[in-house]
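**Q** I'd like to go over a predicted model; first the sequence, then the structure.
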Amino acid sequence: MSITSQQIEAFSQNLYEEERSPGTIENYVRHVRTFAAWLGRGEVTKEVAAGWKAYLVTAGYAPATINAMLGSLNRFFAFMDWQDCQVKTLRLQRRLFRDDSRELTRAEYDRLLTTAHAQGRERLALLMEAICATGIRVSEVRYLTVEAVQKGRAEIALKGKVRTILIPSKLRKKLLKFARKNKTASGELFPSPETESPCPESRFGQR
């Protein structure tokens, strides 16, 4: 099985007959064409479709975009009666700011920040604040990039799952100021995290 322009045109016509909006049709068709271009002359299989999904993740597409593209492709497969080729969308795990487990008290958190500032370790203080304010794990700090801060969220893709970490506006301002000060235009904000992070795998919460 391969994908032809005639099949895509028939798919588009079917969507039109279903009275889908022009914007919806355009998106569906564009996503299928993008997959077809990536596929080239290869044959469509479930394994190939899964490979496309993995490619989108590693290429840095936003999880919502990936799911939209996979949804369009699965709909095309259903139209072609290729249900065996359909793949599951990403499981999105949205975490707002913190987990209640393994918390620091407010007093402990304030004391750690005060100590870091008193020692002139502003980078460590900001790193600790970012970890504790977002609930992000120490091993995931690399996902705190300039681009993520600008968008207000970090999307962490691990083991086929994507978790979205929202970055509070106050913290965003501090992180962007830190980036400008260090002339970091893009990429990781903390490329070499300090080994003595004060709250590994911890979550900040008030008691």
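**A** Received the coordinates, thanks.

**Q** And the helices in the protein?
**A** Secondary structure of the chain by DSSP state H: the helices cover 5-17, 22-39, 46-58, 63-79, 106-118, 122-134, 146-151, 169-181.

**Q** which outside residues touch the longest one?
**A** Spelled out, it's helix 22-39. In this structure, residues lying in contact with helix 22-39 by Cβ atoms under 8 Å, 6 or more residues apart in numbering are 2-3, 8, 11-12, 15-16, 20, 48, 52, 55, 68-69, 72-73, 75-76. (Glycine included, C-beta is placed from N, CA and C.)

**Q** tally of neighbours for residue 74?
**A** A count of nearby residues for residue 74, using other Cβ atoms under 10 Å, gives 18.

**Q** who's in contact with the residue minimising distance to the centre of the chain?
**A** Closest to where the C-alpha atoms of the chain average out (Cα atoms, centre = their mean) is residue 155, at 2.6 Å. Taking Cβ under 8 Å, 6+ apart as the contact definition, residue 155 lies against 62, 63, 143, 148, 162, 163, 164, 165.

**Q** can you redo the residues you listed as TSV with pLDDT?
**A** What follows is the contacts of residue 155, written out as TSV (pLDDT from 0 to 100):
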residue	pLDDT
62	81
63	84
143	88
148	90
162	79
163	81
164	84
165	85
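
**Q** Now restrict those residues to buried residues only.
**A** Burial by neighbour count, judged by 16 or more other Cβ atoms under 10 Å, picks out 63, 143, 148, 162, 163, 164, 165 from the contacts of residue 155.

**Q** Specify the beta-bridge partners of the fourth one.
**A** Going by DSSP bridges, residue 162 is paired in beta bridges with residue 92, residue 157.

**Q** If you tally nearby residues, what's the number for the residue nearest to residue 127 when sequence neighbours are not counted?
**A** By the measure of Cβ to Cβ, 6 or more residues apart in numbering, the closest residue to residue 127 outside its immediate chain neighbours is residue 190, 5.5 Å from it. Other residues within reach of residue 190 by the criterion other Cβ under 10 Å amount to 21.

**Q** Domain parsing of the protein, as residue ranges.
**A** With domains defined by automatic domain parsing, the chain comprises 5-89, 103-204.

**Q** Distance check, the residue in the chain sticking out farthest from the centre against residue 125.
**A** For the chain, the C-alpha farthest from the mean C-alpha position belongs to residue 118; by Cα atoms, centre = their mean, that distance is 35.3 Å. Between residue 118 and residue 125 the distance, using Cβ to Cβ, to the nearest Å, works out to 10 Å.

**Q** related to what we said a few turns ago, need the buried ones among the contacts of residue 155 in a markdown table with distance to residue 44, can you?
**A** Below are the buried ones among the contacts of residue 155 laid out as a markdown table (distance: Cβ to Cβ, whole Å):
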| residue | distance to residue 44 |
| --- | --- |
| 63 | 23 |
| 143 | 33 |
| 148 | 34 |
| 162 | 25 |
| 163 | 30 |
| 164 | 30 |
| 165 | 35 |
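
**Q** Which single one of these is nearest to residue 183?
**A** Closest approach between the buried ones among the contacts of residue 155 and residue 183, by Cβ to Cβ: residue 148, at 18.1 Å.

**Q** is it true that that closest one touches residue 167?
**A** Yes: the pair residue 148 / residue 167 is scored as a contact, 7.1 Å apart, by Cβ atoms under 8 Å.
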